[in-house]
Every structure is written in structure tokens, then in C-alpha cells.
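K.L.:
predicted structure and sequence below. I'll ask about it afterward.
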Amino acid sequence: MYTLKKFIRYYGPYKTVFFLDLFCAAIISMVDLAFPQILRILTATIFREEPSRILKALLPIGAALLIMYLIQSFCVYYVGYQGHMMGAKMEGDMRRQLFDHYEKLSFSYYDQNNSGQMMSKLVSDLFDISEFAHHGPENLFISLIKIVGSFVFLFLINWRLAIPLLILVFVMFMFSMRQNKRMQETFMDNRKKIGDVNSSLQDTLAGIRVVQSFANENVEREKFGKSNHAFLCSKNANYRCMGNFMGWNRFFQGMMYLVTLVFGGWLIARGKMNAGDLAMYALYIGIFVSPIQILVELIEMMQKGFSGFRRFLEVMETEPEIVNAPNAEPLKNVKGEVSYEDVSFHYSDDETLVLDHISFKIPAGRSIALVGPSGSGKTTICSLLPRFYDATGGRITVDGQDVRKLTLESLRNQIGLVQQDIYLFGGSIKENIAYGKPSASMDEIIDAAKKANIHDFIMSLPDGYDTFVGERGTRLSGGQKQRISIARVFLKNPPILILDEATSALDNESERWIQKSLEELSKNRTTITIAHRLSTIRNADEILVVADNGIAERGTHEELLARNGIYAQYYQMS
């Protein structure tokens with residue numbers, strides 16, 4: 001019931017269309033129910049009169065039936081068009097909400113969940129929800145009207161024959177309820193397994209260059225084959241359950257015809273029913289059986305839709321770990337003073353400390369560098385500043401204001417991030433640079449590119465700034481992608497800058513170009529640099545050596561060399 005209540009809310013914006021859809025469905029059903037009754041009345045009255053009176057009555061009867069079926073046809077059109085559009089709009093609403101919620105979820109959610117499963121929830125799950133949103137209420141309404149209407153007429157024609165049919169329907173209903181739970185389980189398992197298929201596919205295609213460079217197509221084929229086979233096994237269990245469900249329901253429907261023929265024949269033989277009424281009974285049984293078949297198919301559709309909707313709710317009811325505080329204020333007039341005060345951190349699903357009582361201060365416009373072994377917590381220190389994660393102890397301030405008391409948007413707008421792993425979006429170079437400031441003019445984009453030392457290269461391309469970069473920027477070299485990402489930050493023009501190993505994966509020539517761009521970018525900005533190549537941080541105002549979850553050494557380049565400690569050992573090895 002909880003899931004159903006949540007689902008019904010999505011009909012809210014489309015109440016008018018929904019009720020008109022049900023009204024049209026009711027008319028469609030009543031027209032179907034009316035014809036056998038009209039035929040029964042005519043055969044008992046007018047069609048027993050003289051030929052001249054019959055011929056005279058045919059024109060108005062035909063006209064009335066024509067109007068009736070024209071109205072029914074219009075109702076079918078409305079249900080087929082507007083009803084489907086209602087479902088599509090509901091699907092669009094859910095997809096937009098799900099996408100918006102994905103964007104709100106914290107990094108910890110993405111650390112623990114697979115993007116293939118997320119895509120499955122966004123696409124295939126919501127399609128089945130849309131189909132059920134339209135066909136579910138409409139088919140249920142049509143079926144109930146036909147079943148109830150047929151039973152009323154069956155009781156009116158001969159109540160003795162209607163009673164065993166009613167008993168059969170009750171047995172059929174109880175059987176369907178028993179099968180319902182099993183079908184729920186198989187459809188939910190289907191959802192998970194197709195998500196695994198999507199995950200395997202996405203993983204292989206994203207890493208296709210690595211796959212082919214290692215000639216490991218067979219390895220990936222085997223991995224995909226396992227997830228594909230698991231989905232096939234899940235489908236097998238699902239279809240076996242469905243086949244069992246539909247087969248028995250068809251048997252019960254056959255029993256209705258059997259009871260009608262045998263018990264009806266017995267009633268005729270005993271003089272408690274006439275042959276004409278039995279023929280009429282057969283017509284209503286046909287009308288009665290048809291919606292039962294629709295209900296059987298509806299249960300399948302409902303299970304698909306509800307299993308998808310439950311997965312949708314799982315995401316929508318996942319609260320982001322990082323949210324604005326109730327009294328959060330925007331960060332304004334930023335000078336750029338950053339302070340870490342006794343900061344500790346561990347991940348939400350692991351109590352092991354990644355950072356333990358870290359403290360340091362960066363005056364506005366000054367720079368610090370973080371060095372240390374992989375896994376020592378350097379990137380984590382940087383991730384806490386824009387609140388990609390929240391510190392579990394202590395606090396971090398910008399210009400004396402606790403970052404947890406600032407609005408996320410205003411905080412992150414004041415921080416520029418250049419990483420080793422560059423992500424370029426599918427589109428043009430111009431669009432990727434403008435990502436730093438979507439409202440930027442072309443002159444601003446060109447100015448940012450010049451500051452990043454990438455303008456001349458862009459102008460050498462046939463399409464210039466309109467050049468398509470390929471998926472994830474695959475048509476560009478590592479150095480070119482890095483300079484585009486730096487141009488993005490130039491355009492954003494933030495007072496605080498984080499450089500996370502921005503040159504570690506580049507060749508020497510590219511590094512010189514990038515280092516020149518980064519030096520220009522860092523001027524008059526508060527800068528935190530993570531670097532493995534110590535030559536790139538010699539001029540930092542302060543260097544922090546991070547080891548064993550804390551700061552082992554700190555000082556300038558010269559001071560740390562003179563101390564002859566960990567930093568000096570790193571420098572001698574580089």
C-alpha cells in the first residue's frame with residue numbers, strides 16, 4: 001500500500017486526463033456490454049413481428065448503433081493517444097526527478113553503486129512504469145466494468161447457472177493471489193540482472209582501449225557472458241512462473257465454457273432455461289472471459305511496473321549525505337583564507353581513520369603543497385574543502401566560516417579543481433571550456449584558452465573551437481585535454497584552487513606547457529597542490545608531508561631538505 005500511495009501521487013498533475021481516460025474506458029466497456037442485451041431485446045420483441053415492421057425499424061436501429069460505435073471509436077482514440085501520453089509524461093516526470101536526485105547524491109553513494117545499475121533504473125525500469133501507469137488503471141477499470149456488468153446480466157438471465165461460474169471466478173482469484181508473490185520476486189530479480197548486464201556492457205565499452213591493448217576481448221566476452229546468462233536464467237524462472245500462471249488461468253476460463261454448456265444443457269433438459277438464453281449466456285461468457293485475460297496480462301504488467309517503481313523509490317528515498325544546513329548562508333566576498341582545524345575523517349561504511357587530527361592554515365592568496373605516499377589521504381584532504389565528503393571531526397573554514405554552514409553551490413563556485421583524470425563531455429571544445437561558466441561570451445572563452453596556452457592549437461584545427469572532442473575527449477592528447485580543463489578553471493575564475501596531480505601523467509614537453517599554465521592560473525589565488533613530481537612544488541609557500549593519516553613534516557622546500565627527513569628522501573629519489 002505504501003508503494004501504491006507513492007505511485008498514485010504521480011497522477012496528480014494529470015487528473016483531468018486520467019478521469020477522462022477512465023470515462024472513455026467506461027463507455028468502451030458499456031458499448032461492448034450493450035450489444036448482446038440489445039440483440040436479446042430485439043430478438044424477443046421487434047424481430048418477432050411482421051416483416052414490414054422489422055424493415056421499418058432497421059434504419060433507426062442501424063443509425064443508433066452507428067452513433068454508438070462512432071462514440072466508442074472516439075473513446076478508443078482518446079484512450080490510445082491521450083492515455084499513452086499521460087503515461088509518457090509521468091515517465092518523463094519520474095526520469096527528471098531521478099536524474100535530479102542522482103545529481104544531489106553524495107560521492108559516497110557513487111563509491112558504493114554501479115553506474116550500469118543506475119542507468120537501468122533511469123531507462124528500462126521507467127519505461128515499464130510508464131506502460132503500467134497508462135494501461136494499469138484503464139485495463140483494470142474496463143475489466144471490472146465488463147466482469148461486473150456481465151455477471152449482472154448472467155444473473156438476470158439465469159441465476160442458477162451464474163452461481164457455479166461465480167465459484168470458479170473465486171477459485172481463480174485465490175490461485176492468482178498465490179502466484180502473485182512469486183511473480184513479484186522473479187520480476188525484481190529480472191531488474192537486478194539486467195542492471196548487471198548494463199554494468200558489464202558499460203564497463204567494457206568505457207575501457208575498450210585497455211581491452212584491445214591487452215587483447216583481452218575473450219576475458220570481457222566471458223565476463224559479459226556470465227551476466228548475460230544470469231539474466232537468461234532469471235528470465236527462465238520468470239517465464240516459467242508466468243506460463244504456469246497464464247496456463248492455469250486459461251484452464252479456469254475453459255471450465256467456464258464447460259460449466260455453461262453442461263450445466264446449461266442440464267437446466268434446459270429440466271425446463272429451467274431455454275436454448276435462446278443459453279446462446280445469450282455464451283455471448284456474455286465471451287465478454288466475461290476477455291477482461292479476465294486482460295487482468296491476467298495486467299498482473300504481469302503490474303509486477304514489471306511495481307518492481308521498477310520500487311527500485312525507483314530505493315534511489316529517491318536515499319538521502320544525500322552532503323546537504324545544506326537548515327540555516328546555511330551563501331559564501332560572499334571571498335578572500336580565500338582556508339583553515340583545517342583538528343580535522344579527522346573516515347568513510348561512512350568504514351570506521352578506519354583516513355585522516356587523524358589534521359591542522360593547517362593557508363592565508364589568502366598563498367599556496368601549499370601536499371606530498372606523501374599513495375593512500376596517505378592527500379586527495380581526501382582536498383575533497384573535504386568543497387564538501388565532496390564531510391569531516392567526521394574538527395572543522396574546515398573559508399574566511400573563518402565553517403564550510404558546513406555555507407550553501408554548497410556558493411562554496412563550490414569559489415573553488416576550482418584541476419585533476420589528473422580529466423573528464424571532457426561529448427561536444428565541442430568551446431562547449432567544454434564554457435562548462436566553467438555556461439553564460440560566457442566567445443571572447444571570454446578565447447581569453448581563457450589563451451591563458452591556458454591552448455588557443456593556438458585550437459585555431460590549427462579545421463573546425464577551431466567547434467571541433468568535436470569525442471567521448472571523454474578521446475580525439476585529444478592528454479596534454480591537450482589537461483589544458484582545456486585548465487581553461488575551464490580560468491573561465492570560472494575562482495579565488496581558491498585545488499591542483500590534484502595535474503601533471504603526473506604527462507610527458508616532459510606537455511608538463512612544461514601545463515606547468516606554465518598552472519603557474520599563471522595560481523597567481524593571486526589560494527592554492528592547494530598535490531604532486532608526486534617534487535620539482536613542480538619547489539616554490540610553494542609551505543609543503544606538508546602527509547603520512548600515517550597525519551602531517552609528518554611541514555615547511556618550505558629548503559627547510560625540509562635541511563631537516564633531512566621524509567621529504568628529503570622523496571626529493572633524492574625523484
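P.N.:
Now that the structure is in, tell me what you want to look at. Numbering: from 1, shown residues only.
K.L.:
check contacts around residue 393.
P.N.:
The neighbours of residue 393, taking Cβ atoms under 8 Å, 6 or more residues apart in numbering as the test, are 342, 343, 344, 345, 357. Placement of C-beta: from N, CA and C, glycine included.
K.L.:
ok, how many other residues are close to the closest residue in space to residue 153 that isn't next to it in sequence?
P.N.:
Distance criterion Cβ to Cβ, 6 or more residues apart in numbering; nearest residue to residue 153, sequence neighbours excluded, is residue 284 at 5.5 Å. The number of residues packed near residue 284 is 25, by other Cβ atoms under 10 Å.
K.L.:
and what of residue 414?
P.N.:
20.
K.L.:
so where does the residue nearest to it when sequence neighbours are not counted fall, helix or strand?
P.N.:
In space, and not counting its chain neighbours, residue 414 is closest to residue 334: 4.8 Å by Cβ to Cβ, 6+ apart. Taking DSSP states H and E as the definition, residue 334 sits outside all helices and strands.
K.L.:
before we move on, the earlier item: which member of the contacts of residue 393 is positioned nearest residue 19?
P.N.:
The closest of those to residue 19 turns out to be residue 345 (Cβ to Cβ; 53.7 Å).
K.L.:
surely the residue nearest to residue 153 meets residue 156?
P.N.:
No - counting by Cβ atoms under 8 Å, residue 156 is not a contact partner of residue 284; they are 10.0 Å apart.
K.L.:
which helices and strands sit right next to the helix or strand where residue 255 lies?
P.N.:
Secondary-structure assignment from DSSP H and E places residue 255 in helix 217-269. With contacts taken as 3 or more Cβ pairs under 8 Å, 6 or more residues apart in numbering; DSSP states H and E, helix 217-269 sits against helix 159-206, helix 208-213, helix 275-316.
K.L.:
what's the closest of these to residue 414?
P.N.:
helix 275-316 (29.9 Å).
K.L.:
what average pLDDT does that closest one get?
P.N.:
For helix 275-316, the mean pLDDT works out to 75.
K.L.:
tell me how far that helix lies from the chain's centre.
P.N.:
28 Å (Cα atoms, centre = their mean, to the nearest Å).
K.L.:
tell me the first helix or strand C-terminal of that helix.
P.N.:
Note on helix 275-316: by DSSP H and E, the next helix or strand toward the C-terminus is strand 338-345.
K.L.:
buried residues, that following strand. List them.
P.N.:
For strand 338-345, a neighbour-count test (16 or more other Cβ atoms under 10 Å) marks 338, 339, 340, 341, 343, 344, 345 as buried.
K.L.:
so what's the residue nearest to the first one when sequence neighbours are not counted up against?
P.N.:
Think residue 338. In this structure, residue 338 finds its nearest non-sequential neighbour in residue 362, 4.4 Å apart by Cβ to Cβ, 6+ apart. By Cβ under 8 Å, 6+ apart, the contact list for residue 362 reads 336, 337, 338, 339, 368, 526, 528, 542.
K.L.:
redo that, cut-off 7 Å
P.N.:
337, 338, 368, 526 (Cβ atoms under 7 Å, 6 or more residues apart in numbering).
K.L.:
so where's the stretch 51-200 of the chain uncertain?
P.N.:
Under the criterion pLDDT under 70, the flagged ranges of the stretch 51-200 of the chain are 116-117, 122, 180-181, 191.
K.L.:
of all pairs in the buried residues of strand 338-345, which one is the farthest apart?
P.N.:
Pairwise over the buried residues of strand 338-345, using Cβ to Cβ, the maximum falls at 338 and 344, 17.4 Å.
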